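**Q** My questions concern the predicted model and sequence given below.
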Amino acid sequence: MFKVLLFDGGVYRVNELYELVEDLGGFIIQKTQSHTSILVTLVIPEEVREEVEKKSIELGAKLVDIPLGGTEIAVVAPTLGRHHMPHPVCDIAEHLRRYGAITVVMGLARGKGRRSAQISAVEKALINEYDAAVFVLGNFEDCIRNEKVRLFEDIDVPVVVACGPEIKDLPNCKAVVSGVRRRVDRMRRAEEIAKLEEIAKEVSRVVEERRKIIDEDPLFVHPAEIKQRIDELPPVQKSLRPAPVVLHLDGLRVKIPYCEWKTELESMNVYGRKLGEIAQLTDSKLDGSTLIKIFTTSKVASLSLKRGREPSDLQTNAFAKV
Amino acid sequence: MRIEVEGPEKAGNEGYVELFNSILLDLGITRHVEAAKFIIKPSEPLFLVSVKTRLAAGKIRINDIAEVTKTKAGTFINITDENYAPSLLSLLWRMYGRERIEQLSRLEVLCKGIEEDEILELVIDRGEEMKKKILDALWRLLPEGFKIRYELSSESVITIAATEYEMKKEWKELANKLHKEMEELDVQSTAF
């Protein structure tokens, strides 16, 4: 199983880390340099962690676990109005980023009110593009249990609810974190930060569960491997959008228009196969983005058999190295 | 300040008291509110709130919040207390029209063809100012989807009943009753 870690150290001899990670079958996802210090997000097979840790100590750096690394999470509020934004929605999103996730804050168009609260099919489809969703709801159990539950009824990705009242469980959601009330200021007191930690831990748990399910029938390649290839594309290199390629648990989001780059992306070479053969490319609901869902090894095998290719070709994937 | 909440859920009630306190603090009007009472019925749904304020006595003269000087182009006003900038501007626009009042920057206003003495005689009503701030606080407090409202306002009490679809007659009566109760409330000597 692959592990996403954060290297927090200096630029001196950092190339040695890059080489080691590559030799061990890992990948560098992101580098953020500030003067002489650098943050490197890397993906390595779990088994080789010790060696990377040894190298980090040698370079005088820290290697930190980021349980939500390589995920994109939606934090959903009933509306974009000041009654629901920016607190505590943005505090939650910001805290999840500390755990390595890329977060997106989303306000529903008609999520306000009690009986009138609703979510559209487009909004549901948009939320389903992410790895998990955190719904931030209100102060009264009666409203949440009887009406607001409809908001996450047909969401396929795991849902975590953060709300005020003490609720143990809700239908269609994987975890509930109580004690997050409507507020107009930041969550900065010790007990509020503990609440943010609780949310992050619940989201991490839910994401880990999903990772394990995916690992039962592993993906043909790890999304980070495709990211490395996509990063070389000129439109991605020229893109001014923050994080033009975002990793998901089962694929990637590439922030270049699907209609313009579909053919080029599909014909990209991945271990002797076209990307279009090992993944499904679709137009994202998020404007100007392409969504890539990588097929599992078994699905690629069955597709290969249908096409008349030898399934032994599959051994050339990244998972075979581990 | 005394706040009382009638509602079915303890956590929710406490949440709204905390929220109301933060909003008042945010707007800087905590000490102007004497008492507040909420009646919350989430299952109906009804959100009824009544706020009793301390009477904001007196009027504010332009000299207290701005420097007024005469120039060739007209009377120039430099607002020194920005809290009153919106009220002063709307007062000037109401009195002389937008053509004669030019806002040069955030806190600078040029009044064309208006005498300095005339400007200095203008006053801003503190009570009106306070009422606007209380309404703003209540607007921030009330649940966003509760658009059907029944409002009552007197010199020192503002009461708002809010619901989602239809304002029932009994809720209006409840609002009237609460409004009257708050008007008669003597905060100094009585407890809720």
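**A** Noted; the coordinates are in hand.

**Q** quick one: B:Ile77 and chain A, what's the gap?
**A** According to Cβ to the nearest Cβ, to the nearest Å, B:Ile77 stands 31 Å off from chain A. Using the backbone N, CA and C atoms, a C-beta is placed for each residue, glycine as well.

**Q** now that residue, what's its secondary structure?
**A** Under DSSP: H, G, I helix; E, B strand; the rest coil, the three-state class of B:Ile77 is strand.

**Q** Name the nearest residue to it, sequence neighbours excluded.
**A** Using Cβ to Cβ, 6 or more residues apart in numbering or on different chains and skipping residues adjacent in sequence, the residue nearest B:Ile77 is B:Val109, 4.4 Å away.

**Q** Then A:Ile66?
**A** Nearest non-adjacent residue to A:Ile66, counting by Cβ to Cβ, 6+ apart: A:Gly100, 2.9 Å away.

**Q** hang on, that neighbour packs against A:Val43?
**A** No: applying Cβ atoms under 8 Å as the test, A:Gly100 and A:Val43 come out as separate, 11.0 Å apart.

**Q** where does chain B have low pLDDT?
**A** Counting by pLDDT under 70, chain B contains low-confidence ranges at B:56-57, B:188-192.

**Q** tell me which parts of chain B are close to chain A?
**A** Where chain B comes near chain A, counting by Cβ under 8 Å from any Cβ of the partner chain, the residues are B:7-9, B:11-12, B:15-16, B:18-19, B:22-23, B:26, B:40, B:42-43, B:45, B:140, B:143-146, B:164-165.

**Q** mind running it again at 7 Å?
**A** Residues of chain B found near chain A (Cβ under 7 Å from any Cβ of the partner chain) are B:8-9, B:11-12, B:15-16, B:18-19, B:22-23, B:26, B:42-43, B:45, B:140, B:144-146, B:164.

**Q** Could I get the contacting residues of the residue in chain A that chain B sits nearest to?
**A** Closest approach between chain A and chain B, counting by Cβ to the nearest Cβ: A:Gly113, at 2.2 Å. With contacts defined as Cβ atoms under 7 Å, 6 or more residues apart in numbering or on different chains, the neighbours of A:Gly113 are B:Gly145, B:Phe146, B:Glu164.

**Q** Return the closest of these with respect to chain A.
**A** Nearest to chain A among the contacts of A:Gly113 is B:Gly145, at 2.2 Å by Cβ to the nearest Cβ.

**Q** Next, count neighbours for the closest residue to B:Leu92 other than its chain neighbours.
**A** Excluding its sequence neighbours, the residue lying closest to B:Leu92 (Cβ to Cβ, 6+ apart) is B:Ile101, at 4.7 Å. Around B:Ile101 there are 20 other residues, counting by other Cβ atoms under 10 Å in any protein chain shown.

**Q** same question, the one 3 residues further on
**A** The criterion is other Cβ under 10 Å. On that basis, B:Leu104 has 11 neighbouring residues.

**Q** Does anything pack onto the helix or strand where it lies? Which helices or strands?
**A** In this assignment (DSSP states H and E), B:Leu104 forms part of strand B:101-105. Packed against strand B:101-105 by the contact rule (3 or more Cβ pairs under 7 Å, 6 or more residues apart in numbering or on different chains; DSSP states H and E) you find helix B:85-96, strand B:108-111.

**Q** how far does the shortest one sit from the chain's center?
**A** Strand B:108-111 has its C-alpha centroid displaced from the chain centroid by 26 Å (Cα atoms, centre = their mean, to the nearest Å).

**Q** Check what contacts the very next helix or strand once past that strand and list those residues.
**A** Toward the C-terminal end, the helix or strand that comes next after strand B:108-111 (DSSP H and E) is helix B:116-120. Under the contact criterion Cβ under 7 Å, 6+ apart, helix B:116-120 has outside partners B:Ile62, B:Asn63, B:Val68, B:Lys70, B:Thr75, B:Ile77, B:Cys111.

**Q** closest to A:Asn15 among these?
**A** B:Ile77 (63.8 Å; Cβ to Cβ).

**Q** count of neighbours near that closest one?
**A** One way to gauge burial is a neighbour count; for B:Ile77, by other Cβ under 10 Å, it gives 27.

**Q** so it sits right up against B:Thr69, yeah?
**A** No: taking Cβ atoms under 7 Å as the definition, B:Ile77 is not a contact partner of B:Thr69, at 8.2 Å.

**Q** low-confidence ranges in the stretch 201-322 of chain A?
**A** A:309-322.

**Q** mind listing the helices in it by residue range?
**A** A:223-230, A:234-238, A:258-266, A:275-278, A:297-307, A:318-321 (DSSP state H, counting those that start in this stretch).

**Q** Distance to A:Val184 and mean neighbour count for the ones you listed - can I get that in CSV?
**A** Formatted as CSV, those follow (distance: least, Cβ to Cβ, whole Å; neighbours: other Cβ atoms under 10 Å in any protein chain shown):
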stretch, distance to A:Val184, mean neighbour count
helix A:223-230, 39, 21
helix A:234-238, 40, 12
helix A:258-266, 40, 14
helix A:275-278, 47, 20
helix A:297-307, 49, 15
helix A:318-321, 48, 16
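
**Q** And the closest residue to A:Asn146 other than its chain neighbours, which helix or strand is it part of?
**A** The shortest distance from A:Asn146 to any residue other than its chain neighbours is 7.8 Å, reached at B:Ser43 (Cβ to Cβ, 6+ apart). B:Ser43 is located outside every helix and strand, with elements delineated by DSSP H and E.

**Q** Write out the residues of the stretch 51-200 of chain A neighbouring chain B.
**A** A:79, A:81-83, A:112-117, A:139-143, A:164-166, A:181-185.

**Q** So among those, which ones count as buried?
**A** A:79, A:83, A:112-114, A:117, A:139-143, A:164-165, A:181-184 (16 or more other Cβ atoms under 10 Å in any protein chain shown).
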